[in-house]
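> Next comes the sequence, and after it the predicted model I'd like to discuss.
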Amino acid sequence: MNVAYSYLWRLHAASVEAARGIVEELRQYAVKMGAESVGDLIELTGNDAHIVRTGASIVMMFDAVLPTVRSATLSAVGIEQYGLASSDGTSWEWSGIVRVSGFQEISKLIHAAAEFGIETQQTFCGIVRSAKRSSTGEVIYDQRYALQIDLENF
């Protein structure tokens, strides 16, 4: 299996310190998962941040090679970046596209992101799957078809 898997992470109303802490928790989780390699937490500001994510003034990220997950870009052989970026220092996003040969590792990382307070949305095989932490701390999933068209009248 070699499936394209796109994801979007959103963290609303968080300080720079809170975002940094969450990205560090994700980095530690990648280490705990047994990633082949995990880089240090990198924090970029100003033009350096803008180069990594268009429009960003602050970026918190790390590089990782997770089993069964590879970068979808040809330039970064097997290495994917995970993190959060912000243009205003209070709302944060991150998106990426990876190739997966199995869903276990990427699903675990997505679940951990939701546990840490990031709202996630993943798209693969024509399915959109969202996850977020409820007010009680439980991770709640929602799943739907990516294209909802009326096949009778198409």
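Arrived safely, thanks for sending.

> Run through who's touching the lengthiest helix in the chain.
Criterion DSSP state H: the longest helix present in the chain is helix 16-33. Contacts with helix 16-33, where a contact means Cβ atoms under 8 Å, 6 or more residues apart in numbering, come from 11, 14, 38, 41, 43, 58, 60-62, 64, 66, 82-84, 86, 89, 92, 105, 108-109, 112-113, 116-118. Yep, even glycine has a C-beta here, placed from its N, CA and C like the rest.

> what's across from residue 37 in the sheet?
residue 65 (DSSP bridges).

> What separation do you get for it and residue 103?
According to Cβ to Cβ, to the nearest Å, residue 37 and residue 103 sit 21 Å apart.

> From the contacts of helix 16-33, keep the buried residues only.
Neighbour counting by 16 or more other Cβ atoms under 10 Å classes 11, 14, 38, 43, 58, 60-62, 64, 66, 82-84, 86, 92, 105, 109, 112-113, 116-118 among the contacts of helix 16-33 as buried.

> pretty sure residue 41 is touching residue 62, no?
Yes - between residue 41 and residue 62 there is a contact under Cβ atoms under 8 Å: 5.4 Å.

> Look at residue 132 and say how many residues are nearby.
Residue 132 has 17 neighbouring residues, counting by other Cβ atoms under 10 Å.

> That one - nearest residue in space that isn't next to it in sequence?
residue 119 (4.4 Å; Cβ to Cβ, 6 or more residues apart in numbering).

> Test for you: state the pLDDT assigned to residue 72.
For residue 72, the model assigns a pLDDT of 66.

> what do you get for residue 149?
63.
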